[in-house]
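Asker: Pasting a predicted model and its sequence here:
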Amino acid sequence: MKYLNKNIEEIHELLKEKKIKPIDLVNEAFDNIESNKDLNAYITLNKEEAIKRAKELEDKEVDNILFGLPIALKDNIVTQGLKTTCGSHILENFIPLYDATIVDKINEKNMIIIGKTNMDEFAMGSSSRTSYFGAPKNPWNKNKICGGSSGGSAATIAARDLLFAIGSDTGGSIRQPASYTGIVGMKPTYGRISRYGLVAFASSLDQMGPMTKNVYENAILLNAISGHDEKDLTSANKDTEDFTRLIGKDVSGMKIAVPNYLMSDIVSEEIKDKIKETIKLLEDNNVTVDYIDVKYLENAMTLYQIIAMGEASSNLARFDGIRYGYSEENPKNIEDLYLETRGKGFGEEVKRRIMVGSYLLSGENAKTYYNKALSIRDDMRKEFKRVFDNYDLIIAPTTVTTAYDLTDPMDDPRKSFMDDILVIPVNMAGLPGLNVPVGFSKDHMPIGMQIIGNSFEEAKMYQLASFIEKKLNLELDPNGGEK
Amino acid sequence: MSNYIPTIGIEVHVELKTKTKIFSNSTNGYGQMANSLTNVIDLGYPGTLPTLNKEVINLAIKAATVLNCNIRKEMHFDRKNYFYPDNSKNYQITQARTPIGYDGYVEIDDDGIKKKIYIEEMHIEEDTCKSTHRQDKTLLDFNRAGVPLIEIVTKPCIKSAKEAKLYLEKLKELLFYTDVSDCKMEEGSMRADANVSLRKNESDPFGTKAEIKNIGSISNVGLSIEKEIARQSKIYDEGGSIEPQTRRYDDKIGDTVLMRVKETGNDYRYFPEPDIPFVIITDDMIDNVVKTIPMLPEERKEKYIEKGILEANAIKLIQNRQLSDFINDLLEEDINFKIASNLLLGDISAYLNKEDKKLNETTLNKERFIELVNLMSNNTLTSKNLKEILEKIMTSDDTIENIMKESGVQNITDDSMIKDVVKKVIEANKESVDDYKAGHDRAIKYLMGQVMKETKGSVNPKMAMDILIEELK
């Protein structure tokens, strides 16, 4: 009997009525992962501990809707006693001493951590192919990438291994793989979820978020993991709220903006057509959709590169072989320890970004580039605010193409950033962004639509996303047709 | 030595006296087992984030206030990036662009001539860990990592070793008195670097400077500056030129030695710390801190002298914070401050030193001290008797009068009793009485001695003398 392809309410009922136990779900999740092993979605499985935890939960009351449910975490989220590699050789055997705040919250809900998912090394990449542990594969077509950097989390959800996964999104790393694999991925407002225990890539942009097969389950998970945290000074001091509260509410009368740049010829015709179909659907349901110009969007990529690489060069300086992680044996001196440890420990893409980032912050460059980028970022935030003065939400395609072949060349760094060109502005402005599947390409690869909200208006985004989800009623299980 | 004009700037790092570290809740402590005061944040573990200790901001506001600095209302932290094992994140969180205090001064008194030493800026940063080198190994103790520091940078306006020392003494006094730091140079909670350069004329541009790092005491700051001036003068005299370098003062040889020639253009890749939002300092915050600033040494000295305390004693009191605070608490009282200060600096200090105690660890409180001073002022208690009962005064809660009674050192102030003794002495010393009456003044001293002997010194001497003179008429 299979349970993990059911919706959360059904599973919750079964658990409450004691018809199933958490261990049944855990065993099923590991069976699913085993049969989908070729997807390479996981770096580390937490089998022993997860089984132990499931057994412990048998004596406990089913106290909330997430009780006993398996969850997968991207491998840049620190878990005490459970290897956290960030997809890198330098942390290949790193076992953290503490739990991230998000892990505490997941444990409070009595969820069960199943394993740590594959990702681009230190989240730097857009196809998960910079992972030291090899790229994960797209469940819709195993010759294709599943996007990145949260590729493993996207793959395991798309494959229906389990219901819940956490990803992180610095420049699209939740939404873009969600789009490539046909799932729902939310990058909440910057500050919504504590970053304490998320291994930093670009501190002013990083944000974790839920990745799920549908909108409702996504909102349920966000309820559990968001909230103010004293350990993270950038976490927002917001009251808790129920993100599912607007789901199912009428969307008629909503005003939605479509930025022209995000529908320009950088986007493939096939995807634009699918978005236009969705816009038509919305208009038919009494939603106003206007195409508008939004300033600075075409600068977002440049700003992102400066800010993200600058911050990354500093954030990754701590991996020096002295206190933890890979360490060169018998170095000649301290300089040698640094050079060899970091030279061998980091992959090519990470080293490239550290070098570019260091250059961008060097001497006068900091003023010319980093500070200038911060100031344009402020202008960009103001520009988005202006849009939200007149519109409830913004919509756009999530990606410019559908998932491409795993064998496509990786030697063009611009290409990697182009994959994220539509999702990056959201990070620059600190706004929430969500991917919802809206259809398939001719070769039956998923196409996603991005919904962008004003700060802290995730509930409204879920409202629209769930409306679209319900209206389109797509078959989003890659194995669905074969059953 | 030829005549060159020295230009000196001083940078001081002061460890703030907070309970916990600046960016984590680890204890801020000294002399504990290595790495026992650390957590994942201090060790720069992946995923950790800094929090900000509000106590640090308050102490920095306090320091900025007493150093007459402007306080920045909106400030942020910056990352200073460099690879070194004493730096767990390989960046130090500091304030490069928005130091909390700027454009201040400290006034020194150089043999009666007042001079302002100008402060360029004062910023907050975290201390690094302590490295100990053993043969080819380096041991790291992260207890110090993340201890809050303020760095105080003067303008290049100091002209001599003496001025430098006066500045440091004054700075230390101010920061110590305001509880900003315990300012113990020997424990490294206050560390000074001196930048020294020479030039021929006031109108010349500044010469190339050498930096003397981490000088361990104020007197060594003076010595190292003198030595450095001599070294540079000699080079100039011989037609040489100074290269920018970092030196240290070696106590054993009594001279500065080369550490390293400065690499040009250290590139710290500063950028605003993204993990800590801007800090807004409100007028209320400043007011609340200013309220807690105690009376500063300068004002204390003036007050003490006003109250009749000798200048030398006033200075001594200020050097001893606990005694000074004790006397400050009495300033509104109507007592003899000269006697009070003599008591505190004399018998009481001697007692405290001997017992290795602090004043607040004894039973001597404000009320009992006032009683004591008054008993001494009206001669009820003699210094000789005080010595006998001091221990009891410092350890019992009883009134001084009761202690005197119980210890039998009560001065005899009863007229008739004294009269009896005096009569007895006159009776027994006819010869001396005759001598006195014949005009030999010295004889009365002998008689007085006999009175004291008879009463074992417990008679009020002034009263006894008056009665003796009366009886001899």
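Answerer: Received it, and whenever you're ready, just let me know what you need.

Asker: Tell me where the model's unsure across chain A.
Answerer: Within chain A, the stretches with pLDDT under 70 are A:481-483.

Asker: So what's the residue count around the residue in the stretch 351-483 of chain A that chain B sits nearest to?
Answerer: With CB to the nearest CB as the measure, the residue in the stretch 351-483 of chain A that lies nearest chain B is residue A:361; the distance is 3.8 Å. C-beta here means a position set from N, CA and C on the backbone, and glycine is covered the same way. The burial metric for residue A:361, expressed as a neighbour count using other CB atoms under 10 Å in any protein chain shown, is 25.

Asker: Please name the residues that touch the most centrally placed residue in chain B.
Answerer: With the centre of chain B defined as its mean C-alpha position, the nearest residue by CA atoms, centre = their mean is residue B:173, 4.5 Å away. If you count contacts by CB atoms under 8 Å, 6 or more residues apart in numbering or on different chains, residue B:173 has them with B:297, B:318.

Asker: ok so, going back, pop out the phi and psi values for the nearest residue to the residue of the stretch 351-483 of chain A closest to chain B once chain neighbours are set aside.
Answerer: Counting by CB to CB, 6 or more residues apart in numbering or on different chains, residue A:361 lies nearest to residue B:269, which is 3.8 Å off, once chain neighbours are set aside. Dihedral angles phi and psi of residue B:269 (degrees, to the nearest 10) take the values phi 40, psi 50.

Asker: Pretty sure residue B:269 sits against residue B:90.
Answerer: No: between residue B:269 and residue B:90 no contact is recorded; they are 10.9 Å apart, counting by CB atoms under 8 Å.

Asker: which stretches of the stretch 151-300 of chain A form helices?
Answerer: If DSSP state H, counting those that start in this stretch is used as the criterion, the helices of the stretch 151-300 of chain A fall at A:151-158, A:175-181, A:215-225, A:269-284, A:300-315.

Asker: rewinding a little: out of residue B:269 and residue B:90, which sits in the busier spot?
Answerer: Relative neighbour count places residue B:269 above the other of residue B:269 and residue B:90, with 24 against 21, counting by other CB under 10 Å.

Asker: Any stretches of the stretch 351-473 of chain B with poor pLDDT?
Answerer: Low-confidence regions of the stretch 351-473 of chain B, defined here as pLDDT under 70, cover residues B:410-414.

Asker: residue of it with the smallest distance to chain A?
Answerer: Counting by CB to the nearest CB, the stretch 351-473 of chain B gets nearest chain A through residue B:360, at 35.4 Å.

Asker: How many neighbouring residues does residue 137 have?
Answerer: Going with chain A. Using other CB under 10 Å, residue A:137 has 24 neighbouring residues.

Asker: wrong chain, I was asking about chain B
Answerer: Residue B:137 is surrounded by 7 other residues when neighbours are defined as other CB under 10 Å.

Asker: just residue A:469 next, same as before
Answerer: Other residues within reach of residue A:469, judged by other CB under 10 Å, total 20.

Asker: which helices and strands does the helix or strand encompassing it pack with?
Answerer: Residue A:469 belongs to helix A:458-472 when assigned by DSSP states H and E. Helices and strands in packing contact with helix A:458-472 are listed as strand A:184-187, helix A:215-225, helix A:269-284, strand A:393-397, strand A:433-440, strand A:446-453; criterion 3 or more CB pairs under 8 Å, 6 or more residues apart in numbering or on different chains; DSSP states H and E.

Asker: Pick the most deeply packed of those.
Answerer: Comparing the helices and strands packed on helix A:458-472 by mean neighbour count (mean count of other CB atoms under 10 Å in any protein chain shown), strand A:184-187 ranks first with a mean of 32.

Asker: ok, it: who's next to it in the sheet?
Answerer: For strand A:184-187, sheet partners with direction are given as strand A:208-212 (antiparallel), strand A:433-440 (antiparallel), following DSSP bridges.

Asker: follow-up on the earlier one: list the residues that contact the residue of the stretch 351-483 of chain A closest to chain B.
Answerer: Counting by CB under 8 Å, 6+ apart, residue A:361 makes contact with A:310, A:313-314, A:369-370, B:81, B:269-271.

Asker: Distance check, residue B:326 against residue B:333.
Answerer: From residue B:326 across to residue B:333, the span is 12 Å (CB to CB, to the nearest Å).

Asker: the more surrounded of those two?
Answerer: residue B:326 (20 against 15).

Asker: does chain B sit close to the host helix or strand of residue A:377?
Answerer: With the criterion set as DSSP H and E, the secondary-structure element containing residue A:377 is helix A:372-390. Yes: against chain B, helix A:372-390 shows contacts by CB under 8 Å from any CB of the partner chain at residue A:374.
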